[in-house]
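In: Predicted model and sequence follow; I will ask about them next.
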Amino acid sequence: MKLISVNEKIFNLIQKDPEVLDVLLELGFHHMADPDMVSTVGKIMTISKAANRHKLSYEEVKQAFNLRDIDLMEESL
């Protein structure tokens with residue numbers, strides 16, 4: 001299982017593992033489908049900040065990533 005941090009910048013996560021983008025899109029972060037958004041907002045936005053902004057629970061986020069064999073380092077957002 002891959003391990004990622006909810007506090008790492010989204011841009012960096014996608015650069016390391018493009019599958020992270022698929023999970024983010026499934027979670028409803030549709031604006032990340034635009035490469036310009038990833039290269040701008042993604043450099044300051046983390047999964048934790050995005051999830052809080054979209055009112056997603058830690059469990060929702062964790063489950064979405066776990067379905068792709070990706071685990072989160074932290075125990076909360």
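Out: Structure received. What you see is a predicted model; the values in this text were computed from it and never measured. Numbers count the residues shown, from 1 in each chain.
In: so Ala51 touches Val6, yeah?
Out: Yes: the criterion here is Cβ atoms under 8 Å, and Ala51 meets it with Val6 at 7.4 Å. All C-beta atoms are positioned from the backbone trio N, CA, C, and that covers glycine.
In: Next, the contact list for the closest residue to Leu67 other than its chain neighbours, please.
Out: Excluding its sequence neighbours, the residue lying closest to Leu67 (Cβ to Cβ, 6 or more residues apart in numbering) is Val23, at 8.0 Å. Residues in contact with Val23 (Cβ atoms under 8 Å, 6 or more residues apart in numbering) are 64-65, 67-68, 70.
In: Just give me the neighbour total for Ala50.
Out: Counted with other Cβ atoms under 10 Å, residues neighbouring Ala50 total 22.
In: so who does it touch?
Out: Each residue near Ala50 by Cβ under 8 Å, 6+ apart is listed here: 10, 24, 29.
In: ok, back up a step: where do the contact lists of Ala51 and Val6 overlap?
Out: 61, 77.
In: just to revisit the earlier point, narrow the contacts of Ala50 to those in helices?
Out: The members of the contacts of Ala50 that map onto helices under DSSP state H are 10, 24.
In: ranking the contacts of Ala50 by neighbours, who comes first?
Out: When neighbours are taken as other Cβ under 10 Å, the top entry among the contacts of Ala50 is Leu24 (26 neighbours).
In: so it touches Phe11, yeah?
Out: No: between Leu24 and Phe11 there is no contact under Cβ under 8 Å: 11.4 Å.
In: what sits in contact with each of those two?
Out: Common neighbours of Leu24 and Phe11 (Cβ under 8 Å, 6+ apart) do not exist.
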